[in-house]
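Peer 1: Give the three-dimensional model of this entry:
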Amino acid sequence: TPARITVTTQALVVVLTRLVDPRGRRGRRYPLTAVVAAGIAATLAGARSFTAIAAWLADQDPSVSAALGFQERRRAPNESVFRRLFARLDPEALDAVIGAWMWTATRHIAGRRVIAVDGKTVRGARTSGAAAPHLVAAFDHAAGVVLGQVAVAAKTNEIPTVRTLLKILDLAGAVLTIDAMHTQDDTAQLIRSAGGDYVFTVKRNRPSLHAALKTLPWKDIPDHGSTEKNKGRRVRRTIKAITVPAWVTFPGAAVVAQLRRTVTVKGKTTVEVVYVITSADVDPPTLAAWVQG
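Peer 2: So this is what the prediction gives:
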């Protein structure tokens with residue numbers, strides 16, 4: 001809606017005031033916040049070059065230019081204005097303020113902000129002299145936006161990088177869903193000390209914990225399930241969850257669960273069983289939705 005767009009634009013302009021203007025005083029014909037905000041808005045609208053960004057802005061109604069922070073009756077900046085400014089901006093500072101803006105778009109699911117943390121290699125970014133960068137990102141389940149990302153340094157791995165990312169996020173009241181690689185005591189303690197809850201997948205990289213969960217009396221625990229059918233494909237998902245037994249030790253753990261996914265396609269059935277552990281005191285259907293999300 002127009003009202004929502006106005007609020008979102010205002011939030012973007014506000015967070016951009018945290019950027020340091022790299023231009024000299026004589027090179028500041030247009031406000032820093034306006035130029036950067038226009039660049040972001042045009043990119044979201046599909047612009048893929050500085051020329052396209054300038055053309056997008058020139059095509060906008062004057063009210064849009066005003067909302068972005070440009071003065072009335074002044075010609076829109078050309079591509080060289082955008083190119084020179086973005087070439088000189090601190091990329092880490094820009095990434096941080098865009099992440100702060102994305103937080104304003106997040107929504108709660110059953111009263112909680114749910115964030116997925118995962119690592120991905122950037123497609124198409126490998127060069128003859130260097131491997132493609134690998135990024136660890138925090139992704140909001142409800143809004144579908146990236147709240148922050150950190151590059152994995154050479155000669156290291158995702159585990160310490162995830163902890164670096166978590167330290168720059170506001171985790172108070174949030175739920176973090178993270179894959180099995182990061183089912184680590186230190187990561188769990190970091191999330192809990194920041195006021196958040198975790199949902200970890202448990203696999204054989206934590207052999208003792210995995211064995212403990214696997215041997216629980218799951219056959220005696222009632223399940224909650226749902227079935228989806230689509231174009232000859234049938235998927236049955238079930239979850240069984242219980243309060244974590246005292247002898248299953250993991251920092252802050254409250255609930256453990258077994259998730260089973262049974263997929264039938266053209267008469268062939270495959271079954272996948274996954275175990276999860278969470279610090280949240282949550283009902284099974286909500287936990288299943290967090291994991292699937």
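Peer 1: in the stretch 101-250 of the chain, which segments are predicted with low confidence?
Peer 2: Along the stretch 101-250 of the chain, segments meeting pLDDT under 70 span 125-126, 155.
Peer 1: ranges for the strands of it?
Peer 2: For the stretch 101-250 of the chain, the strands defined by DSSP state E, counting those that start in this stretch occupy 113-121, 134-140, 146-151, 174-178, 197-202, 224-230, 233-243.
Peer 1: Nearest to Thr278, out of those strands?
Peer 2: strand 197-202 (4.5 Å; Cβ to Cβ). Any C-beta I mention is one placed from the backbone N, CA and C, and that applies to glycine too.
Peer 1: which residues are contacting that closest one?
Peer 2: 112, 174-180, 182-183, 187-188, 191-192, 209-210, 213, 252, 274-280, 287, 290-291 (Cβ atoms under 8 Å, 6 or more residues apart in numbering).
Peer 1: Partner strands of it and their direction?
Peer 2: Paired neighbours of strand 197-202 in the sheet (DSSP bridges): strand 174-178 (parallel), strand 268-278 (antiparallel).
Peer 1: among those strands, which is the most enclosed?
Peer 2: Mean neighbour count (mean count of other Cβ atoms under 10 Å) peaks for strand 174-178 among those, with a mean of 24.
Peer 1: Can you tell me what sits against that one?
Peer 2: With contact meaning Cβ under 8 Å, 6+ apart, strand 174-178 is reached by 112-118, 141, 162, 166, 187, 191, 196-201, 280, 290-291, 293.
Peer 1: I'd like to know which of those residues are buried.
Peer 2: Burial of those was assessed by neighbour count (16 or more other Cβ atoms under 10 Å); the buried members are 112-118, 141, 162, 166, 187, 191, 196-201, 280, 290-291.
Peer 1: In a markdown table, list the strands paired with strand 197-202 along with distance to Val15.
Peer 2: Putting the strands paired with strand 197-202 into a markdown table (distance: least, Cβ to Cβ, whole Å) gives the following:
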| stretch | distance to Val15 |
| --- | --- |
| strand 174-178 | 19 |
| strand 268-278 | 32 |
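Peer 1: Which of the ones you listed sits closest to Leu85?
Peer 2: strand 174-178 (33.5 Å).
Peer 1: where along the stretch 151-293 of the chain do the helices fall?
Peer 2: Here the stretch 151-293 of the chain has its helices, by DSSP state H, counting those that start in this stretch, at 158-167, 185-193, 207-214, 284-292.
Peer 1: re earlier: format the strands of the stretch 101-250 of the chain as CSV; extra columns: distance to Asn157.
Peer 2: Putting the strands of the stretch 101-250 of the chain into CSV (distance: least, Cβ to Cβ, whole Å) gives the following:
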stretch, distance to Asn157
strand 113-121, 9
strand 134-140, 9
strand 146-151, 12
strand 174-178, 14
strand 197-202, 17
strand 224-230, 35
strand 233-243, 30
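Peer 1: and Ile40, which of those strands is closest to it?
Peer 2: Closest to Ile40 of the strands of the stretch 101-250 of the chain is strand 146-151 (Cβ to Cβ; 13.2 Å).
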